[in-house]
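Chemist: need a 3D model of the following:
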Amino acid sequence: MDTKFRGHRGMIVLMQFLSTEGPFCRDCGLGVFRHMTSRTLVQGWYGYASLIIAPITVLMNLARRDKVASLAAPQPNPHAPSHQPMDPGPRLLQRPMTWIGLLIPVALVTLVVIAANSN
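Modeler: Presented below is the predicted three-dimensional model:
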């Protein structure tokens, strides 16, 4: 299936938009989705616009993930040599980097609330 998974890297002043596009089998698409989304959750929060762009990027990837996950298991090509499918790795919420990335916005909101209450 042809699709594009996106990533976002926020840097205080700059930002970087990442993408991986291609025809993916189920396993390869899930692997790319998990990698790009996990990295976005860790690296996507460090800029003013990035606070909005990172969650949108994650939501876009989640919508594309459903399309890839519904594909059948990859099968070898009977007419030509074929590549071994990518190992999709652990599920998104089983990756430590994902949890670290999810804690970042929670910590930011907590700091803002504490700062607002201290004034």
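Chemist: quick one: residue 52 is in a strand?
Modeler: No: using DSSP: H, G, I helix; E, B strand; the rest coil, the assignment for residue 52 is helix, not a strand.
Chemist: now do the helices in this protein.
Modeler: Remark: helices assigned in the chain by DSSP state H are 26-43, 50-69, 96-118.
Chemist: for the longest one, what is the average pLDDT?
Modeler: Meaning helix 96-118. Mean pLDDT, helix 96-118: 92.
Chemist: okay, the residue nearest the centre of the chain: pLDDT?
Modeler: In the chain, the residue lying closest to the centroid (CA atoms, centre = their mean) is residue 37, at 0.9 Å. Per-residue confidence (pLDDT) for residue 37: 97.
Chemist: now it, nearest residue through space, not along the chain?
Modeler: Leaving out its chain neighbours, the residue that sits closest to residue 37 by CB to CB, 6 or more residues apart in numbering is residue 61, at 4.8 Å. (Glycine included, C-beta is placed from N, CA and C.)
Chemist: same question for residue 42.
Modeler: residue 101 (4.0 Å).
Chemist: what count of nearby residues applies to the closest residue to residue 5 other than its chain neighbours?
Modeler: Leaving aside its sequence neighbours, residue 5 sits nearest to residue 36 (CB to CB, 6+ apart; 4.6 Å). Residue 36 has 22 neighbours, counted by other CB atoms under 10 Å.
Chemist: what's the nearest residue to residue 98 once chain neighbours are set aside in contact with, if anything?
Modeler: Closest residue to residue 98 apart from its sequence neighbours, by CB to CB, 6+ apart: residue 38 at 4.8 Å. Each residue near residue 38 by CB atoms under 8 Å, 6 or more residues apart in numbering is listed here: 92, 95, 97, 98, 101.
Chemist: give me the distance between residue 38 and residue 61.
Modeler: 10 Å (CB to CB, to the nearest Å).
Chemist: try residue 71
Modeler: Residue 71 is 16 Å from residue 61, where distance means CB to CB.
Chemist: same question for residue 114.
Modeler: When residue 114 is compared with residue 61 (using CB to CB), they lie 31 Å apart.
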